[in-house]
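Colleague: Mind looking at a prediction? Sequence and model below.
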Amino acid sequence: MRTFSKRAATTAALTSLWSFQALAADLPYLDDRSDAAAVVRSLYNAVSRKEYARAWDYFGEAKPAKDFAEFAKGYEATERVEVETGAVSSDGAAGSIFYNIPVAIRAVDKDGTEKVFAGCYTARQVNGSIQEPPFTPIQLEKGVLKPAEGNLADALPKQCGDAPPPETDAVLDLATKTFAASHKAQCDVAREGEGAIQNYKISYHNKSDAADAPASEARLFRFFCQMGAYNETHVYYLWNEADGLNEQHFAAPELDIHYEGDNPDGKLESVNVIGYRSENALVNSSFDEKTMTITSHAKWRGVGDASSDGSWLFRDGAFALVRYDVDASYDGEINPETVLDYNSGP
């Protein structure tokens with residue numbers, strides 16, 4: 001019986017260890033020291049992955065506990081931590097920049113208990129040009145969090161420190177987060193730089209508006225999704241005050257194309273519209289602010305002699321398909337045929 005109990009205890013301990021390792025493996029590794037808010041997110045990523053030495057290392061000389069053992073012990077009941085950061089403010093002093101980071105966290109214990117805390121972290125970045133090896137990245141100086149109520153967004157402090165936080169674009173932030181959450185499996189949501197996000201302000205009147213009614217305002221966001229050999233796709237979101245943020249889906253004709261002898265390289269016999277479908281991404285697309293039109297140009301092969309082109313006009317607060325051209329002949333020439341034309345809309 002004694003041997004069985006020892007074996008059972010060992011099995012239970014190994015099972016527990018394996019479950020913790022599985023949880024750590026499921027949570028993506030984040031070690032981002034490029035800005036102060038990213039350091040805070042990396043700290044709690046390390047805590048959730050049970051990588052306490054990495055979490056300890058995000059702090060500078062002023063550590064959050066008297067020693068590492070005490071620091072790690074403080075998280076022994078914690079299963080994971082969710083974190084949200086707000087607008088960071090900063091001020092400089094004597095070769096360093098100090099950052100004030102609003103933070104809200106939800107700590108989930110191993111027994112399922114959840115607690116929300118909110119407050120401020122302070123981080124320090126020493127001027128890299130005056131450092132000598134070893135280089136010191138942004139480090140956390142201190143963090144003061146207190147129990148809070150509600151969800152993380154409501155608990156998050158609006159400001160930390162005396163310096164006002166930089167102005168933020170809440171609608172753009174919402175669109176960016178929504179796109180990343182909805183399309184992380186299909187799109188390169190981490191892409192940055194030129195072309196990753198285009199955003200536009202649209203002023204318009206609805207047909208039902210009175211003649212002297214003020215113009216309504218909308219925001220249009222185009223996100224880069226993915227790129228192939230000769231095509232790239234984009235996803236669009238539209239926001240207005242009445243309807244909030246909505247992903248755009250675009251009407252497109254369903255085509256029935258016939259070639260002589262069923263050979264695409266042969267003579268094109270007919271192109272017929274047999275219905276319509278909805279597309280949530282457009283190919284090689286752009287928005288023209290003057291005409292308030294989104295256009296797309298999808299190449300069917302690299303030389304561009306076969307393709308399809310669509311135009312969607314913004315009117316009465318929404319985008320409508322007004323024209324569609326198709327070049328279905330693989331003949332080496334650019335000779336599109338218009339299969340739909342409502343371009344002279346009201």
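Modeller: Arrived safely, thanks for sending.

Colleague: Leaving out chain neighbours, which residue sits closest to Ala37?
Modeller: Thr85 (4.1 Å; C-beta to C-beta, 6 or more residues apart in numbering). The C-beta positions use only the backbone N, C-alpha and C, and glycine is treated the same way.

Colleague: tell me which residues form a beta bridge with that neighbour?
Modeller: Counting by DSSP bridges, Thr85 is bridged to Val103.

Colleague: For burial, what's the neighbour tally of it?
Modeller: 21 (other C-beta atoms under 10 Å).

Colleague: mean confidence score for stretch 184-204?
Modeller: Stretch 184-204 shows a mean pLDDT of 90.

Colleague: The residue nearest to Ala37 contacts Ile101, correct?
Modeller: Yes - the pair formed by Thr85 and Ile101 meets the contact definition of C-beta atoms under 8 Å, at 5.7 Å.

Colleague: what do these two both touch?
Modeller: Residues touching both Thr85 and Ile101 (C-beta atoms under 8 Å, 6 or more residues apart in numbering): Ala37, Val40.

Colleague: hang on, the earlier thing: could you pull up the contacting residues of the residue nearest to Ala37?
Modeller: Here Thr85 is in contact with Ala37, Val40, Arg41, Ile101, Pro102, Val103, Leu156 (C-beta under 8 Å, 6+ apart).

Colleague: switch the cut-off to 10 Å
Modeller: Residues near Thr85 by C-beta atoms under 10 Å, 6 or more residues apart in numbering: 35-41, 44, 101-105, 121, 152, 156.

Colleague: Dump stretch 123-138 to CSV, keeping only the CA atoms.
Modeller: Taking C-alpha atoms only, stretch 123-138 is exported to CSV below (Å, rounded to 0.1, in the frame of the first residue of the first chain):
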residue,chain,number,x,y,z
ALA,A,123,9.2,52.9,-15.8
ARG,A,124,12.6,54.4,-16.5
GLN,A,125,14.6,54.5,-19.8
VAL,A,126,18.3,55.6,-19.5
ASN,A,127,19.6,57.5,-22.5
GLY,A,128,21.2,54.8,-24.7
SER,A,129,23.9,57.2,-26.0
ILE,A,130,25.4,57.6,-22.5
GLN,A,131,25.3,53.9,-21.5
GLU,A,132,28.2,51.5,-21.4
PRO,A,133,27.9,47.7,-21.6
PRO,A,134,25.9,45.9,-20.4
PHE,A,135,23.0,47.9,-22.0
THR,A,136,20.0,48.5,-19.8
PRO,A,137,16.6,48.6,-21.6
ILE,A,138,13.4,50.2,-20.2
